[in-house]
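J.: Task: produce atomic coordinates for the following.
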Amino acid sequence: MALDPRTPVIVGVGQQLQRVDDPLAALAPVPFIAEAIRVAATDAGLNAVPNVDSVRVVSFLSWRYRDPARFIAEELGITTRETVATTMGGNSTQSLINATSLEIQNGDVDLVILCGGETSRTRKRARAASIDLPWPVVPEDVKPSRIMGEDLVMNHEYELSRRIVAPIQVYPMFETALRAAAGRGIDEHNAHLGRLWSGFSKVAAGNPYAWIRKEMTPEEIITTGPRNRMIGLPYTKVMNSNNDVDQSAAIIMCSVATAERLGVSRDKWVFPVAGTDCHEHKYISERMTFAETPAVKLGGRLALELGETSIDEIDIVDLYSCFPSAVQLGAMSLGLGVDRQLTRTGGLSFAGGPWNNYVMHAVATVVGELRQRTNEKALVWGNGGYATKHAFGVYSTTPPTHGFRHAYPQAEVDAMPRRTVIDVGASAGAATIEAYTVMHDRDGNPERSIASCLRADGTRAWGISEDRDTASGMCEGEWVGRAVSLDDAGTLLI
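T.: Residues are numbered from 1 along each chain as shown. Modelled structure (predicted):
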């Protein structure tokens with residue numbers, strides 16, 4: 001059967017990292033990302049970066065270019081018909097690949113560069129040394145041709161009022177809910193986390209593009225110390241996403257017809273076979289439980305069905321891995337055991353977490369593996385927010401039978417049950433803790449307790465305590481399932 005010339009295909013990938021101690025000697029984000037694009041062009045067997053229909057940048061935080069694709073195209077000396085930036089979220093790369101695949105297949109574009117990166121480490125070092133970086137100041141009226149992606153407000157007003165606003169607060173709460181659901185004791189579950197993350201560090205140790213290439217033992221993962229303080233119980237520092245990195249990546253996508261015109265060798269081609277995008281109930285306050293991700297289950301199942309495969313037939317997996325709870329939620333929803341290799345890079349703690357762009361590194365790594373392991377299939381999951389926004393991609397060196405296929409099953413997710421959350425004053429009274437964490441200060445001392453509590457009528461209330469004795473007390477033993485009280489100010493009383 002002849003291959004449809006409009007079939008989308010990935011032909012080149014590139015990754016870069018820089019460890020330059022002098023901030024003034026380090027590359028700024030645009031030239032740094034441009035380097036990854038040049039590597040991707042070389043990977044595709046091209047003599048130079050070609051002119052393209054679109055340069056699409058996963059939005060980054062290291063510098064405000066406003067329309068970074070424009071500056072990247074100028075840096076490369078290429079022309080582009082349009083410039084694109086994404087919305088924020090770790091799902092952005094996979095969502096961008098899904099959307100680009102559809103547009104290539106529909107004939108809207110032929111040749112596209114996807115790219116992104118961060119120079120967070122350089123920025124941090126510059127601030128610490130009071131160095132003004134000579135990077136361009138861009139006028140506010142500079143804008144990309146369009147924005148791609150789904151932008152969600154993910155914090156409920158009651159969460160904002162309780163200062164529950166950061167992933168380092170929320171993912172540990174998912175972890176305590178998972179621990180209780182699994183019926184594990186504290187020590188047993190900590191050992192489980194140590195084994196899981198030790199396995200991720202082992203993968204990173206063998207990844208030439210990983211930021212931390214040191215295998216850690218399970219004991220090193222879970223043991224606190226000067227270089228591994230507790231951040232949000234039960235997560236030590238190395239269980240958190242590592243955003244203090246300088247990393248960039250790029251992907252070149254085109255139609256089969258364009259790949260042939262450019263002379264890209266067939267053994268370089270990797271096909272996006274199918275993809276899905278969806279999100280959980282956007283507020284964690286309204287989710288039925290913190291121990292399940294029904295949108296992952298639905299979105300993942302549909303991606304596999306559209307790819308005419310099953311999870312048992314998937315050979316290569318990369319799950320979003322900002323925190324251990326994300327990996328476990330994803331694996332459980334997809335029907336994967338945590339004894340499988342669930343990362344191809346080493347994950348965001350060890351390979352590196354360049355904010356929204358980790359998945360581009362994951363896809364670049366997966367593409368390389370698929371080229372070496374022909375006839376195998378891969379599944380990539382990207383996650384944004386608080387296990388909120390999800391994007392899935394199925395990949396293969398074998399072209400899809402029916403072209404690239406995509407689904408957006410959001411209406412079905414939105415129809416799923418949700419909880420009612422109660423405001424501070426109305427939440428006073430008895431409740432039961434369903435999930436919690438204790439935030440620690442920079443010296444590793446417990447300082448603030450956060451608990452999601454269920455009332456007798458099934459509604460959810462947030463309990464907060466700034467009392468250090470309460471925080472210390474909640475670091476001992478299991479608190480999920482314990483009866484507590486909330487006062488009129490929403491203070492957690494134990």
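
J.: who does the longest strand seen in the chain touch, helix- and strand-wise?
T.: Secondary structure of the chain per DSSP state E: the longest strand is strand 429-440. Here strand 429-440 is seen to pack against helix 167-182, strand 230-232, strand 446-454, strand 460-465, strand 483-486 when contacts are counted using 3 or more CB pairs under 8 Å, 6 or more residues apart in numbering; DSSP states H and E. The C-beta positions use only the backbone N, C-alpha and C, and glycine is treated the same way.

J.: could the ones you listed be laid out in TSV, adding distance to Glu412?
T.: Formatted as TSV, those follow (distance: least, CB to CB, whole Å):
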stretch	distance to Glu412
helix 167-182	22
strand 230-232	32
strand 446-454	25
strand 460-465	23
strand 483-486	34
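
J.: got those as CSV, with distance to Phe350, mean pLDDT and mean neighbour count columns?
T.: Output for those, formatted as CSV (distance: least, CB to CB, whole Å; pLDDT from 0 to 100; neighbours: other CB atoms under 10 Å):
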stretch, distance to Phe350, mean pLDDT, mean neighbour count
helix 167-182, 16, 98, 22
strand 230-232, 16, 98, 23
strand 446-454, 26, 98, 23
strand 460-465, 32, 97, 23
strand 483-486, 36, 97, 17
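
J.: in the longest strand of the chain, what counts as buried?
T.: Ala431, Ile433, Glu434, Ala435, Tyr436, Thr437, Val438, Met439, His440 (16 or more other CB atoms under 10 Å).

J.: cool, and stretch 306-316?
T.: In stretch 306-316, counting by 16+ other CB under 10 Å, buried: Leu306, Gly307, Thr309, Ile314, Ile316.

J.: Stretch 287-302 now?
T.: Buried, per 16+ other CB under 10 Å, within stretch 287-302: 287, 289-302.

J.: did I read that right, Gly353 in a strand?
T.: No. Under the criterion used here (DSSP: H, G, I helix; E, B strand; the rest coil), Gly353 is coil, not part of a strand.

J.: can you count the residues close to it?
T.: Using other CB atoms under 10 Å, Gly353 is surrounded by 26 other residues.

J.: Buried residues, stretch 14-27. List them.
T.: In stretch 14-27, counting by 16+ other CB under 10 Å, buried: Gly14, Gln15, Gln16, Leu17, Gln18, Pro23, Ala26, Leu27.

J.: quick check, distance from the strand or helix carrying His390 to the centre of its chain.
T.: Assigned by DSSP states H and E, His390 belongs to strand 389-396. Mean-position distance between strand 389-396 and its chain equals 12 Å (CA atoms, centre = their mean, to the nearest Å).

J.: Just the ones of the buried residues of stretch 287-302 in helices?
T.: Using DSSP state H, the members of the buried residues of stretch 287-302 that fall in helices are Pro294, Ala295, Val296, Lys297, Leu298, Gly299, Gly300, Arg301, Leu302.

J.: Please identify which of these is nearest to Tyr283.
T.: Ala295 (13.3 Å; CB to CB).

J.: middle-most residue in this protein, spatially?
T.: Gly90 (3.4 Å; CA atoms, centre = their mean).

J.: so it, which of the three states?
T.: coil.

J.: any idea how far it is from Arg261?
T.: 34 Å (CB to CB, to the nearest Å).

J.: same thing with Asp132?
T.: For Asp132, the distance to Arg261 - CB to CB - is 46 Å.

J.: Go ahead and confirm Ile311 touches Gly337.
T.: No. The criterion here is CB atoms under 8 Å, and Ile311 misses it with Gly337 at 10.5 Å.

J.: Show me the shaky parts of this protein.
T.: 1 (pLDDT under 70).

J.: what about the strands in the stretch 51-200 of the chain?
T.: Under the criterion DSSP state E, counting those that start in this stretch, the stretch 51-200 of the chain contains strands at 52-57, 80-86, 111-119, 146-148.

J.: so which of these gets nearest Glu35?
T.: It's strand 111-119; of these, that one is closest to Glu35 (CB to CB) at 9.0 Å.

J.: how about the strands of the stretch 251-400 of the chain, start to end?
T.: Counting by DSSP E, counting those that start in this stretch, the strands of the stretch 251-400 of the chain are 271-279, 316-318, 377-384, 389-396.

J.: Dump these to CSV, plus distance to Arg121.
T.: Listed next are these as CSV, based on distance: least, CB to CB, whole Å:
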stretch, distance to Arg121
strand 271-279, 30
strand 316-318, 23
strand 377-384, 22
strand 389-396, 26
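
J.: Please convert the buried residues of stretch 14-27 to TSV, extending it with distance to Gly490 and secondary structure.
T.: Listed next are those as TSV, based on distance: CB to CB, whole Å; DSSP: H, G, I helix; E, B strand; the rest coil:
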residue	distance to Gly490	secondary structure
Gly14	49	strand
Gln15	46	strand
Gln16	46	strand
Leu17	44	strand
Gln18	45	coil
Pro23	43	coil
Ala26	45	coil
Leu27	47	coil
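
J.: Return the member of those nearest to Ile251.
T.: Nearest to Ile251 out of those is Gly14 (CB to CB; 8.0 Å).

J.: contacting residues around the closest one?
T.: Glu35, Ala36, Ile37, Arg38, Val39, Ala40, Ala41, Thr42, Asp43, Ala249, Ala250, Ala364 (CB atoms under 8 Å, 6 or more residues apart in numbering).

J.: Just give the closest residue to it, not the sequence neighbours.
T.: Val39 (3.0 Å; CB to CB, 6 or more residues apart in numbering).

J.: I figured that neighbour hits Phe32, correct?
T.: No. In this structure, Val39 is not within contact of Phe32 by CB under 8 Å, at 11.5 Å.

J.: In terms of neighbours, single out the busier of those two.
T.: Neighbour totals were compared for Val39 and Phe32, and Phe32 leads with 22 against 19 (other CB under 10 Å).

J.: Can you tell me, leaving aside adjacent residues, what's nearest to that one?
T.: Ser248 (5.0 Å).

J.: again, but for Pro324
T.: Nearest to Pro324 is Leu193, by CB to CB, 6+ apart, at 5.2 Å.

J.: got a list of what the one you found touches?
T.: Glu175, Ile221, Ile222, Pro234, Met239, Pro324.

J.: Which member of those is positioned nearest Met416?
T.: Glu175 (22.5 Å).

J.: For the closest residue to that closest one other than its chain neighbours, the count of nearby residues, please.
T.: With sequence-adjacent residues excluded and distances taken as CB to CB, 6+ apart, Glu175 is closest to Ser325, at 4.3 Å. Ser325 has 26 neighbouring residues, counting by other CB under 10 Å.
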